[in-house]
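> What follows is a predicted structure for the sequence shown.
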Amino acid sequence: MLRYLKTALAAFASLFCLFYALQNIANLGSAEWFVGTMTAMEGHEAYPKTFAFAIKSPLLIKLMLWIIILLELLAGMLCAKGAADLLRRRNASSAEFNAAKTYALAGSGLAVIIWFGIFGAFGGAFFQMWQVEAGVNALRDASFYALQHAAVWLMIRADD
């Protein structure tokens, strides 16, 4: 039963990442606006000064957005491969089942990097997105997503 749960967690982690990537692609203009708004660092009243720099170049904004989208797609595909590997090894020995977790762990770990690293460290801390209305909700949600994927990583990682 636990093997099926781990497989399902990997499959849902895959869908989560893929759905976010596809929603970003479907709403490319809005996603680009959002990244541009966050990196412009405008409207910062609580901490009006920064040690860092703003990014306003349309080319760099597009590049950053596509890095996010491609990482979301990659995380989703890794988790999907991991779910398939786990499903194939569901009746194997514990050692074989544990070895089949590699892609699921890589995908869910990458998801943590996306939502904690990119959105938390860069968006939240570097670009201070928490200071603007559009950013505060996204930052809060990204933190929640990072925790969800970390929990999935820990549950899948647990030895069989």
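Perfect, thanks for sending it. This one's a predicted model, so the numbers in the text were calculated from it and none came from an experiment.
> count of neighbours near Leu74?
17 (other Cβ atoms under 10 Å). The C-beta positions use only the backbone N, C-alpha and C, and glycine is treated the same way.
> Assess the claim that it and Ile113 are in contact.
No: Leu74 lies out of contact with Ile113 (Cβ atoms under 8 Å); the separation is 10.5 Å.
> Name the residues of the helix or strand encompassing Leu74 that are buried.
Counting by DSSP states H and E, the element that carries Leu74 is helix 58-88. For helix 58-88, a neighbour-count test (16 or more other Cβ atoms under 10 Å) marks 61, 64-66, 68-69, 71-87 as buried.
> who does that helix touch, helix- and strand-wise?
The contact analysis (3 or more Cβ pairs under 8 Å, 6 or more residues apart in numbering; DSSP states H and E) places helix 58-88 against helix 2-26, helix 28-40, helix 102-112.
> Relative to its centre, which residue of the chain is most distant?
For the chain, the residue at maximal distance from the C-alpha centroid (Cα atoms, centre = their mean) is Ser93, at 31.3 Å.
> That residue: what's it in contact with?
Residues near Ser93 by Cβ atoms under 8 Å, 6 or more residues apart in numbering: none.
> before we move on, what about the one 5 residues further on?
For Asn98, the residues meeting the contact criterion (Cβ under 8 Å, 6+ apart) are 159-160.
> Now it. Its backbone dihedrals?
Main-chain dihedrals, Asn98, degrees, to the nearest 10: phi -60, psi -40.
> What separation is there between it and Met1?
Plainly put, Asn98 is 16 Å away from Met1 if you go by Cβ to Cβ, to the nearest Å.
> just for the chain, where's the confidence low?
The chain contains no residues with pLDDT under 70.
> Kindly recompute the last result at 90.
By pLDDT under 90, the low-scoring segments of the chain are 160.
> Tally up the residues packed near Lys56, please.
12.
> surely it meets Gly36?
Yes: look at Lys56 against Gly36 with Cβ under 8 Å: they come within range, at 7.3 Å.
> Helix, strand, or coil at Glu42?
Of the three states, Glu42 takes coil according to DSSP: H, G, I helix; E, B strand; the rest coil.
> Could you list which residues are in contact with it?
54, 132.
> run the last query once more with 10 Å
54, 56, 131-132 (Cβ atoms under 10 Å, 6 or more residues apart in numbering).
> Alright, I will stop here.
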